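Undergrad: Would you be able to build a 3D model of this:
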Amino acid sequence: MITPHVLAEVSNLAEKQPMNFGDFIKSCVKAMEGIDEVYISKEKILDTKEVLKFGVADTSLLEQITALRNMFFEF
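TA: A predicted model of the protein is given here:
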């Protein structure tokens, strides 16, 4: 699973890589093609205490994992 926030992080990191930006993005595209993308609203992210510790991208993943866990364990 990936979120738009994580995709933005990948793009930001690509700018700092010693290799060509386009080549780096191409290699990331191949790696991410089979991964589902999930949207987590900024309101949901900013409403957590975790955002202050982990940042936006990591909190978006944490929120999605929490939602999946709750879905699997609800009766």
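Undergrad: C-alpha only now, for contacts and for neighbours.
TA: Fine.
Undergrad: Just the helices from the protein, written as ranges.
TA: 4-14, 21-32, 42-46, 50-54, 56-73 (DSSP state H).
Undergrad: Is it possible to get JSON lines of the ones you listed that adds mean neighbour count?
TA: Rendered in JSON lines, the data for the helices of the chain read as follows (neighbours: other Cα atoms under 10 Å):
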{"stretch": "helix 4-14", "mean neighbour count": "15"}
{"stretch": "helix 21-32", "mean neighbour count": "12"}
{"stretch": "helix 42-46", "mean neighbour count": "13"}
{"stretch": "helix 50-54", "mean neighbour count": "13"}
{"stretch": "helix 56-73", "mean neighbour count": "15"}
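Undergrad: Next, format those helices as TSV and append mean pLDDT.
TA: Formatted as TSV, the helices of the chain follow (pLDDT from 0 to 100):
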stretch	mean pLDDT
helix 4-14	82
helix 21-32	83
helix 42-46	93
helix 50-54	95
helix 56-73	86
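Undergrad: Residue 49: neighbour count?
TA: Using other Cα atoms under 10 Å, residue 49 is surrounded by 11 other residues.
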